[in-house]
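> The amino acid sequence is not available; the structure is as follows:
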Ligand code: NAD
């Protein structure tokens with residue numbers, strides 16, 4: 001029986017991972033999540049509804065930015081096979097307003113988890129990094145070796161996290177795998193992200209806020225594909241430190257995304273255009289050849305199908321999500 005510690009397990013990506021691992025069997029999970037009010041904690045409760053009474057699931061509601069490695073050791077006495085660290089303050093724009101809180105959660109929080117990892121002699125650590133570390137860079141598609149030019153405090157905390165992981169992997173022989181996720185979507189997607197906001201607005205006949213002229217583009221990756229990448233990284237054992245893009249290898253312009261949402265919802269979008277936002281990058285586009293080679297990663301979900309899954313989830317939980 002394996003024991004995994006998953007931080008941020010009540011969040012969008014984390015709760016998919018928790019549910020899938022428990023459904024596969026052969027493991028118990030300790031989830032650490034402080035139900036950060038960045039978006040409604042009720043949505044996080046919904047994310048955990050299926051698993052919260054499972055005897056193989058345990059929830060610790062601590063703030064990792066304020067819980068030391070020693071405190072974590074006192075809270076978790078059983079041996080741990082792999083730590084999957086997804087907890088973070090996410091979101092580019094709010095990080096510009098409150099950079100210190102991002103340092104606290106994302107850098108100090110990671111430091112505390114790595115101290116816990118070292119003290120518990122855990123051999124494997126998977127870390128959620130982000131495509132935002134590439135910043136403004138037009139050498140598309142982005143390979144892991146690109147020069148990194150973050151343009152937001154959030155992106156900087158993710159880059160710092162990769163480097164902190166490198167330090168611990170070298171000093172303490174911890175295998176550290178940083179996965180650079182590219183705009184993740186699907187059922188449970190965070191309410192601050194474009195697909196969620198746009199679908200909700202279109203369903204409710206409200207205008208969509210579009211920053212820029214619609215030419216910015218994103219490599220949207222379906223959460224089911226992301227989870228396959230994370231699970232492969234949990235098993236990876238060839239080298240001690242890796243940084244790997246987990247994207248879809250296809251960049252969709254914002255205008256095309258809006259058309260696809262109109263098609264899925266069967267309604268026309270009313271678009272209100274605003275200037276580009278500071279901290280946003282014009283385009284993201286992943287080269288995933290390293291993920292394919294090291295992790296056997298092959299994303300297969302078409303945007304249209306992934307949007308349908310999101311739409312169905314939204315409709316099922318409409319009362320809560322429209323609140
Ligand atoms: P999310 O906000 O839904 O999940 C993060 C969870 O971490 C939340 O439930 C939150 O309560 C928890 N958390 C935050 N700060 C914490 C703290 N100090 N202590 C304990 N728990 C804390 O976000 P998500 O979209 O599921 O993202 C998961 C991870 O993937 C994050 O690290 C994020 O930066 C990264 N990522 C996400 C995307 C994306 O498109 N969703 C893209 C790139 C990287």
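Happy to help now that I have it. It should be emphasised that the depicted structure is a prediction, and the values quoted were computed from it without experimental measurement.

> show me where pLDDT drops low in the stretch 201-323 of the chain?
Scanning the stretch 201-323 of the chain for pLDDT under 70 picks out no residues.

> got a list of what the residue of it found nearest the ligand touches?
With C-beta to the nearest ligand atom as the measure, residue 221 is the residue of the stretch 201-323 of the chain nearest to the ligand, at 7.7 Å. Heads up, the C-betas are built off the backbone N, CA and C, glycines and all. By C-beta atoms under 8 Å, 6 or more residues apart in numbering, the residues touching residue 221 are 181, 182, 183, 184, 185, 246, 247, 248, 286, 299.

> which residues does it form a beta bridge with?
Beta-bridge partners of residue 221, counted by DSSP bridges, are residue 184.

> So which bits of the stretch 101-250 of the chain are right by the ligand?
105, 109, 128, 130, 181, 183, 184, 190 (C-beta under 6 Å from any ligand atom).

> Contacts only, for the first one.
In this case it means residue 105. 36, 63, 64, 65, 87, 88, 89.

> Also the fourth one?
Neighbouring residues of residue 130 by C-beta under 8 Å, 6+ apart: 154, 155, 158, 180, 181.

> Which ones among the residues you listed map onto strands?
Per DSSP state E, strands hold the following members of those: 180, 181.

> Name the member of the contacts of residue 130 with the shortest distance to residue 146.
Distance to residue 146 across the contacts of residue 130 (C-beta to C-beta) is lowest for residue 180, with 10.5 Å.

> And the contacts of residue 105, which two are furthest apart?
So, the contacts of residue 105 by C-beta to C-beta: farthest apart are 63 and 88, at 12.1 Å.

> and the two? which has more neighbours close in?
residue 88 (26 against 17; other C-beta atoms under 10 Å).

> Give me the nearest residue to that one, chain neighbours excluded.
With C-beta to C-beta, 6 or more residues apart in numbering as the criterion, residue 88 has its nearest non-adjacent residue at 4.7 Å, and that residue is residue 106.

> swap in residue 6?
That would be residue 84: by C-beta to C-beta, 6+ apart, it lies 4.8 Å from residue 6.

> What's the local residue count around residue 310?
Residue 310: 22 neighbours (other C-beta under 10 Å).

> I meant residue 242, not that one.
20.

> List the contacts of the closest residue to the ligand within the chain.
Closest approach between the chain and the ligand, counting by C-beta to the nearest ligand atom: residue 11, at 2.0 Å. By C-beta under 8 Å, 6+ apart, the contact set of residue 11 is 33, 44, 47, 86, 87, 90, 190.

> mind putting the residues you listed in TSV, pLDDT, distance to residue 74 and secondary structure included?
TSV is the format used below for the contacts of residue 11 (pLDDT from 0 to 100; distance: C-beta to C-beta, whole Å; DSSP: H, G, I helix; E, B strand; the rest coil):
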residue	pLDDT	distance to residue 74	secondary structure
33	98	18	coil
44	98	25	helix
47	98	27	helix
86	99	22	coil
87	98	19	coil
90	94	28	coil
190	97	31	coil
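
> secondary structure element for residue 45?
helix 41-48 (DSSP states H and E).

> Now do the contacts for the closest residue to residue 241 other than its chain neighbours.
Counting by C-beta to C-beta, 6+ apart, residue 241 lies nearest to residue 169, which is 4.3 Å off, once chain neighbours are set aside. By C-beta under 8 Å, 6+ apart, the contact list for residue 169 reads 175, 176, 240, 241.

> of all these, which comes closest to residue 74?
residue 176 (23.9 Å).

> what pairs with the closest one across the strands?
residue 125, residue 241.

> wait, doesn't it sit right on residue 167?
No. With contact defined as C-beta atoms under 8 Å, residue 176 does not reach residue 167; the gap is 9.2 Å.

> Pick out whichever of the two has more residues nearby.
residue 176 (26 against 14).

> which parts of the strand or helix carrying residue 109 are buried?
Assigned by DSSP H and E, residue 109 belongs to helix 109-120. Neighbour counts over helix 109-120 (16 or more other C-beta atoms under 10 Å) mark 109, 110, 111, 112, 113, 114, 115, 116, 117, 118, 120 as buried.

> what do you get for stretch 6-21?
Those would be 6-19, 21, for stretch 6-21 by 16+ other C-beta under 10 Å.

> What is the neighbour count of residue 92?
20.

> OK, contacts around it?
132, 152, 154, 155, 279, 280.

> about what we covered before: confirm that the residue nearest to residue 6 lies within a strand, as I assumed.
Yes. Under DSSP: H, G, I helix; E, B strand; the rest coil, residue 84 falls within a strand.

> That one: neighbour count?
That count, for residue 84 with other C-beta under 10 Å as the rule, works out to 29.

> So in terms of bridging, what pairs with it?
residue 6, residue 126.

> ok, now how distant is it from residue 264?
Residue 84 sits 31 Å away from residue 264, taking C-beta to C-beta, to the nearest Å as the criterion.
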